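[1] Dropping the sequence and predicted coords here.
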Amino acid sequence: MSYHDGYCPNCGEEVSVDAKVCPGCGSCDETGWSEGAKYERIGVSYDDTFDYDAFVQDEFEDQPRRFSSSMQWVLLVVSLLLIGLMLWGLRL
């Protein structure tokens, strides 16, 4: 029986108890289900000096926020409806 108890401890995907590998992320006893699993065993180096907040600021600092094209259409339709309602209200 594996250590995962029906859910992958790595990604949270539901996994059958007798599964050998997670269908969501590929974790197994060697890479993430066993209590003794360590990143050194799978050949991945770990760098704990990464600063996520600094990365986000560097990447997105100068870029203005943009609406998606679907949001632009929604705003256009709502604006036209509001203008139409205001004009209709003025006629009464």
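    Alright, I've got the coordinates.
[2] Could you use CA atoms for every contact and neighbour count after this?
    Noted.
[3] what's around residue 19, how many residues?
    As a burial measure, the neighbour count of residue 19 was computed by other Cα atoms under 10 Å and equals 13.
[4] Just the pLDDT at residue 17, thanks.
    Here the pLDDT value assigned to residue 17 is 77.
[5] That one: what secondary structure?
    coil (DSSP: H, G, I helix; E, B strand; the rest coil).
[6] Please look at it and residue 6 and confirm they touch.
    Yes - the criterion here is Cα atoms under 8 Å, and residue 17 meets it with residue 6 at 5.0 Å.
[7] Looking at those two, which is more packed in?
    For residue 17 versus residue 6, neighbours defined as other Cα under 10 Å are more numerous around residue 6 (16 against 13).
[8] Low-confidence ranges, this structure, go.
    Residues of the chain that meet the criterion pLDDT under 70 lie in 1-5, 31-47, 63, 65-67, 92.
[9] Provide a complete list of residue ranges assigned to helices in it.
    In chain order, the chain shows helices spanning 52-60, 69-91, with DSSP state H as the criterion.
[10] export those to a markdown table and tack on distance to residue 27?
    Output for the helices of the chain, formatted as a markdown table (distance: least, Cα to Cα, whole Å):
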| stretch | distance to residue 27 |
| --- | --- |
| helix 52-60 | 24 |
| helix 69-91 | 37 |
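[11] which residue is nearest the centroid of this structure?
    With distances taken as Cα atoms, centre = their mean, the chain has residue 11 as the residue nearest its mean C-alpha position (11.6 Å).
[12] State the distance from that one to residue 26.
    Distance of residue 11 to residue 26, given as Cα to Cα, to the nearest Å: 9 Å.
[13] Then residue 16?
    The span separating residue 16 from residue 26 equals 13 Å under the rule Cα to Cα.
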